[in-house]
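# model the structure of this input:
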Amino acid sequence: MKFVCILAFCALASAQIQEWPAQPQPIPEIDNLEWPAQPNPRPHPRPEHNDPEQHPEWQEPQPPQWNPNAPQWRADERPTRDQRCEPAHSRNSIVFAHDFDCSLFHECRDGLRFTFQCQGNFLFDRVTMTCRHPRSARC
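This is a model prediction of the structure:
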């Protein structure tokens, strides 16, 4: 049995594999065509803006910040031991709400409890365990 391959298609056949030609073969139907000349595109005129209120002055873009709403660790509350933060679960971080302040939450790391504060006016949602807008936070 032999395979006949044409481009990416192979089929089982009794014919021999044909060699590709060394030089590309001219195609008279295409080589003798006269292609129409392409017109030169005209640039579109830019509109003039004389109203400074309509277009404020350009400002250099600022570098992106990684999640500006990320919670911040409160350095005034030192990491402490907590029964809810067991060392056996140190590989998985455990997050839970603060006892009385809805803008704060705790995260366990290596058996220690760290206190974080949600950014801006966000509050910690006890159901989703994330900082959310006050209207949607379930505190």
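
# helix, strand or coil for the closest residue to residue 118 other than its chain neighbours?
Using C-beta to C-beta, 6 or more residues apart in numbering and skipping the chain neighbours, the partner closest in space to residue 118 is residue 131 (3.5 Å). From N, CA and C alone the C-beta is placed, and that goes for glycine too. When classified by DSSP: H, G, I helix; E, B strand; the rest coil, residue 131 comes out as strand.

# okay, now residue 131: neighbour count?
Using other C-beta atoms under 10 Å, residue 131 has 21 neighbouring residues.

# thought it was touching residue 104?
No - using C-beta atoms under 8 Å, residue 131 is not in contact with residue 104, being 10.1 Å away.

# what residues do those two have in common as contacts?
The contact sets of residue 131 and residue 104 overlap at 118, 124 (C-beta atoms under 8 Å, 6 or more residues apart in numbering).

# identify the bridge partners of the residue nearest to residue 118.
Counting by DSSP bridges, residue 131 forms beta bridges with residue 124.

# any idea of the pLDDT on it?
Turning to residue 131, the model gives it a pLDDT of 88.

# give me the element residue 114 is part of.
Element membership for residue 114 (DSSP states H and E) is strand 112-117.

# partners of that strand, with directions?
Counting by DSSP bridges, strand 112-117 is paired with strand 72-73 (antiparallel), strand 80-81 (antiparallel), strand 104-109 (antiparallel).

# quick check: closest non-adjacent residue to residue 137.
residue 123 (3.9 Å).

# need the contact list for the one you found.
Residues near residue 123 by C-beta under 8 Å, 6+ apart: 102, 103, 131, 132, 133, 134, 137, 139.

# please, a PyMOL command that selects the buried ones among those residues?
Buried residues among these (16 or more other C-beta atoms under 10 Å), as a PyMOL selection:
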select buried, resi 102+103+131+132+137
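
# return the member of the contacts of residue 123 nearest to residue 37.
Taking C-beta to C-beta as the measure, residue 37 sits nearest to residue 133 out of the contacts of residue 123, at 60.7 Å.
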